[in-house]
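Visitor: fold the following and give me the result.
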Amino acid sequence: MSTQPPPPSSATPASSDGDRPRLTQLAAGGGCACKIPAGQLEALVADLRGHEHPQLLVGLDDGDDAAAVRIEGGQALLSTADFFTPVVDDPYDWGRIAAANALSDIYAMGGRPVLAINLLAWPTDTLDPALIPEVLRGGADVAQLAGVPVAGGHSITAPEPLYGMAVTGIADPDALLRNDSAKPGMPISLTKPLGTGILGNRHKQTGQTFPQAVQTMTTLNRDASQAAVAQGIRAATDVTGFGLLGHLWKLCRASGVAAEIDVSAVPALDGARESLAEGFVPGGSRRNLDWVRPHLDVDTSVTEHDLLLLADAQTSGGLLVVGEVPGAPVIGRTVPGPARLRLR
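Guide: Coordinates of the predicted model:
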């Protein structure tokens, strides 16, 4: 259900140049795994919640993917910003992944992106600035695939390289996909497999590349979003740095429902489970599981590795949709009751 990315770059991967540092080695974290832990972040922004404005449709209260405000003409204007440290060593692929990830926030709200601007930080004293055009070219190519102009941006020097985009979109205010709109008794669909955090951790530690991970991270969530809106679905989020469990918990908490997940139905990228068994787990994934564990009811058949996969910090993951999306596996359902996640 997702739009395919452009073909891989012919640029030389960063890891193939003996004189060039690997991009992933210049960052403490990688991709969305470098997010501030969910529980800590919620505490930090707690005092900013509840600030009301007559035209604000979606703000900080429920941790949605983008802000939404009603503008003249009755449309909803969506706004988001997303950037992160390198998740792969190839600068062009990093740019593509970061752009697809930023655009996903608009798709996760049921919107259409209309404008993007670049956000860039670069350690100019330790990393060749000549790599910057490759990063920006990757972002521009994915934005072009999405039909979105990239018009300028902002750059600074910093100890670690960072790249992403601020994206503006539009949507029908009555057809927004939100965290607080899930109803009990609905199927739950997932539009991309899990495991990008695990494979990214292995890439960072070993230099081994995983084309299947790059493919899924550079694939747009546009088609899945459009299909969900067309079917009248109103509850969805995307799966990024807080993992499937973290994002599903936030959705259930906002909607006042519980969820049952069939762990065996959750798709994973080739090599993800094997890499997990070999110990390649991002610190962000472990923090995600620690945060959500008090809200889990876990069947004895579900292993700790299963939980780590479901908590894996994804970069540019799929949409988690309360409803059926053609072509996407159904991994569970919402049920009545206080917000809990039941794993079977």
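
Visitor: any buried residues in the helix or strand residue 276 falls within, and which?
Guide: Secondary structure assigned from DSSP states H and E places residue 276 in helix 272-277. Residues of helix 272-277 classed as buried under the neighbour-count rule (16 or more other C-beta atoms under 10 Å) are 272, 273, 275, 276. C-betas here are computed from N, CA, C, even on glycine.

Visitor: same list (those) but as a markdown table, adding distance to residue 322.
Guide: Compiled in a markdown table, the buried residues of helix 272-277 are given as follows (distance: C-beta to C-beta, whole Å):
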| residue | distance to residue 322 |
| --- | --- |
| 272 | 24 |
| 273 | 26 |
| 275 | 30 |
| 276 | 27 |
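
Visitor: out of those, which comes closest to residue 301?
Guide: Ranked by distance to residue 301 (C-beta to C-beta), these are led by residue 273 at 15.5 Å.

Visitor: how about that closest one, nearest residue that isn't a chain neighbour?
Guide: Spatially, and ignoring its direct neighbours in sequence, residue 273 is nearest to residue 309 (6.8 Å; C-beta to C-beta, 6 or more residues apart in numbering).

Visitor: for the helix or strand hosting that neighbour, which positions count as buried?
Guide: In this structure, residue 309 sits in helix 304-310 according to DSSP H and E. For helix 304-310, the neighbour count (16+ other C-beta under 10 Å) marks 306, 307, 308, 309, 310 as buried.

Visitor: elements contacting it?
Guide: For helix 304-310, the helices and strands in contact under the criterion 3 or more C-beta pairs under 8 Å, 6 or more residues apart in numbering; DSSP states H and E are helix 243-255, helix 272-277, helix 283-292, strand 341-343.

Visitor: what separates the residue nearest to residue 273 from residue 279, distance-wise?
Guide: When C-beta to C-beta, to the nearest Å is the yardstick, residue 309 and residue 279 sit 13 Å from each other.

Visitor: regarding this protein, what is its longest helix?
Guide: If each helix of the chain is counted by residues according to DSSP state H, the longest one is helix 91-108.

Visitor: which of the buried residues of helix 304-310 sits closest to residue 169?
Guide: residue 310 (28.7 Å).

Visitor: and the residue nearest the centre of the chain, what does it touch?
Guide: To find the centre residue of the chain, average its C-alpha atoms and take the closest one (C-alpha atoms, centre = their mean): that gives residue 240, at 2.8 Å. Shown here is residue 240, whose contacts under the criterion C-beta atoms under 8 Å, 6 or more residues apart in numbering are 32, 35, 101, 104, 247, 313, 314, 315, 316, 317.

Visitor: ditto for residue 112
Guide: Residue 112 makes contact with 106, 169, 170, 171 under the criterion C-beta under 8 Å, 6+ apart.

Visitor: distance of the closest residue in space to residue 129 that isn't next to it in sequence relative to residue 167?
Guide: Sequence neighbours aside, residue 122 is the residue nearest to residue 129 in space, at 6.3 Å (criterion: C-beta to C-beta, 6+ apart). Counting by C-beta to C-beta, the gap between residue 122 and residue 167 amounts to 21 Å.

Visitor: same thing with residue 315?
Guide: 16 Å.

Visitor: same thing with residue 141?
Guide: 15 Å.

Visitor: looking at the two, which is more packed in?
Guide: The residue with the greater number of neighbours, taking residue 141 and residue 167 and applying other C-beta atoms under 10 Å, is residue 167; the counts read 28 against 20.

Visitor: what about the more buried one, helix or strand, and which?
Guide: Secondary structure assigned from DSSP H and E places residue 167 in strand 162-171.

Visitor: is it true that residue 81 touches residue 163?
Guide: No. Contact status for residue 81 versus residue 163: not in contact, 12.0 Å apart, counting by C-beta atoms under 8 Å.

Visitor: out of these two, which sits in the busier spot?
Guide: residue 163 (27 against 14).

Visitor: the more buried one bridge partners, please.
Guide: residue 84, residue 120 (DSSP bridges).

Visitor: ranges for the helices of this protein?
Guide: Here the chain has its helices, by DSSP H, at 38-44, 91-108, 132-146, 196-206, 211-217, 222-230, 243-255, 272-277, 283-292, 304-310.

Visitor: among those helices, which comes closest to residue 55?
Guide: helix 91-108 (18.5 Å).

Visitor: and the closest one, what does it pack against?
Guide: By 3+ C-beta pairs under 8 Å, 6+ apart, helix 91-108 packs against strand 76-84, strand 112-122, helix 132-146, strand 162-171, helix 211-217, helix 222-230, strand 236-238, strand 319-322.
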